[in-house]
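In: What follows is a predicted protein model with its sequence.
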Amino acid sequence: QAISGVAEVATVGGMVQEYQVVVDPQKLLAYHLTLPEVETAIRAANGETSGSVVDMGGASYIVRTSGYIRSLKDLEDASLGVRDDVPITLRQVARVQLGPQLPNGIADLNGQGQVVGGIVMMNQGGNAYALIHQIERKLKDIQPSLPKGVQVVTTYSQAPLIQRSIHTLTGKLLEESLAVALISLLFLLRARSALVALVALPLGILAAILIMWAMGIPANIMSLGGIAIAIGVMMDAPVVMIENMHKHLEQTPGVDPWAAAMAAAEEVGPALFFSLIIIAVSFLPVFALGGEEGKLFAPLAFTKTFSVAAAAILSITVVPILMAWFIRGRIRPENK
């Protein structure tokens, strides 16, 4: 519970030790005592009493008497009163023992017997994956201090589920990138032209991941899903700009590639930039969501906005330079 991010640890099963007083009714009758009198005596024998204040040397000192029970003997010696000048203690009318508190439930591990379970509750909005690693390290630290024969066994952890989910989505991102690369190559029919578009894609994703890292947004299904949604949109601007340069090279054979790239960028660059910015801005209403909806969809909206915004900036900065470097030679006419 000392770990930052842990709200509480809910206990399941196990026994809570308590002092138990088993009163003998016949002995109560013999000493002319009642059960409420026994209860009052037990309460009085286990507590703290103030002794007012003593002034000494210009300072006031608080006096108190501590009478908390520390053993069975302390409870057995609790006074119930005096009969015929003889003090009566609790041991004379009752049996005092240690025993388990009445449990509210039990926990069993693999049918091998009862155990004590603890369910770690996380603060709302926390990073479950990072918190689980902190808990695992803490459990290793406290294991040597546990009593002999006692050990902590993890029966369920969300970490493997989170790992598999992230690995699955990461694999799908790679597959999606390869599919986009193949389609770009088929439509452009030039490997070097397709390479320009493909270089812009990982740069945009890298920019989005760097912003995620700077803002402390964890890599989870929703945040990576935002990048997955944005991949197709991120390829639009490079492909359109490359095809426009193809047109310039096709219509003006022998033109300088740098001049063709500049002309293509000036012609369609502003429109492509603002179209991507409009797509990025379209997700702003998602940030206004509150409660569980906001917590669920905000990472997706953030990463999609970052990815599309990065693609918009790359389309008017890096892509024209890459076009001038890579796109050279004779361009096949579009109708062929």
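Out: Structure received.

In: How much space separates residue 223 from residue 119?
Out: Residue 223 sits 26 Å away from residue 119 when distances are taken as C-beta to C-beta, to the nearest Å. Where you see a C-beta, it was placed from the backbone N, CA and C, and this is true even at glycine.

In: again, but for residue 5
Out: If you measure residue 5 against residue 119 using C-beta to C-beta, the figure is 15 Å.

In: tell me the average confidence for stretch 271-285?
Out: With pLDDT averaged residue by residue, stretch 271-285 scores 87.

In: Can you tell me what sits against it?
Out: Residues from elsewhere that reach stretch 271-285 (C-beta atoms under 8 Å, 6 or more residues apart in numbering): 233, 236-237, 240-241, 301, 304-305, 308-309, 311-312, 315-316.

In: tell me the centre residue of this protein?
Out: When the chain is reduced to its mean C-alpha position, the closest residue under C-alpha atoms, centre = their mean turns out to be residue 127, at 1.9 Å.

In: what are the phi and psi angles of it?
Out: phi -90, psi 100 (degrees, to the nearest 10).

In: can you tell me how far it sits from residue 304?
Out: Residue 127 sits 20 Å away from residue 304, taking C-beta to C-beta as the criterion.

In: so what pLDDT did the residue located most distally from the centre of the chain get?
Out: Checked against the mean C-alpha position of the chain, the extreme residue using C-alpha atoms, centre = their mean is residue 84, at a distance of 68.8 Å. Looking at residue 84, its pLDDT stands at 81.

In: Next up, phi/psi of it, please.
Out: Phi and psi for residue 84, reported as degrees, to the nearest 10, are phi 60, psi 50.

In: hang on, the earlier thing: of residue 5 and residue 119, who's got more company?
Out: Neighbour comparison, residue 5 and residue 119: the larger count goes to residue 5, with 15 against 11 (by other C-beta atoms under 10 Å).

In: Scan the helices and strands of this protein for the one with the lowest mean pLDDT.
Out: The element with the least model confidence among the helices and strands of the chain, by mean pLDDT, DSSP states H and E, is helix 159-188, at a mean of 81.

In: Going by neighbour count, list what's buried in that helix.
Out: Under the neighbour-count criterion of 16 or more other C-beta atoms under 10 Å, helix 159-188 has 162, 166, 169, 173, 176, 177, 180, 181, 184, 185, 188 buried.

In: quick one: contacts for the fifth one?
Out: Spelled out, it's residue 176. Contacts of residue 176 were listed using C-beta under 8 Å, 6+ apart, and they are 228, 231.

In: From residue 14, how far out is it?
Out: Counting by C-beta to C-beta, the gap between residue 176 and residue 14 amounts to 49 Å.

In: What of the last one?
Out: When distances are taken as C-beta to C-beta, residue 188 and residue 14 turn out to be 67 Å apart.

In: Skipping its backbone neighbours, what lies nearest residue 134 in space?
Out: residue 3 (5.3 Å; C-beta to C-beta, 6 or more residues apart in numbering).

In: how about that neighbour, what does it touch?
Out: Applying C-beta under 8 Å, 6+ apart as the definition, the contact partners of residue 3 turn out to be 131, 134, 135, 138.

In: Spell out the secondary structure type for it.
Out: Applying DSSP: H, G, I helix; E, B strand; the rest coil to residue 3 yields a three-state assignment of coil.

In: now stretch 40-57: mean pLDDT?
Out: Over the span of stretch 40-57, the pLDDT mean works out to 85.

In: what residues does it touch?
Out: Residues outside stretch 40-57 that contact it (C-beta under 8 Å, 6+ apart): 21, 60-69, 74-75, 77-81, 90.

In: Mark which of those residues are part of helices, please.
Out: If you go by DSSP state H, these have 74, 75 in helices.

In: What distance do you get for residue 176 to residue 183?
Out: In terms of C-beta to C-beta, residue 176 sits 11 Å off from residue 183.

In: what do you get for residue 105?
Out: When distances are taken as C-beta to C-beta, residue 105 and residue 183 turn out to be 58 Å apart.

In: Among the contacts of residue 3, name the buried ones.
Out: Buried residues within these, defined by neighbour count using 16+ other C-beta under 10 Å: 131, 135.

In: Now tabulate the contacts of residue 3 in JSON lines and tack on secondary structure, pLDDT and distance to residue 211.
Out: Compiled in JSON lines, these are given as follows (DSSP: H, G, I helix; E, B strand; the rest coil; pLDDT from 0 to 100; distance: C-beta to C-beta, whole Å):
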{"residue": "131", "secondary structure": "helix", "pLDDT": "91", "distance to residue 211": "23"}
{"residue": "134", "secondary structure": "helix", "pLDDT": "93", "distance to residue 211": "25"}
{"residue": "135", "secondary structure": "helix", "pLDDT": "93", "distance to residue 211": "29"}
{"residue": "138", "secondary structure": "helix", "pLDDT": "93", "distance to residue 211": "31"}
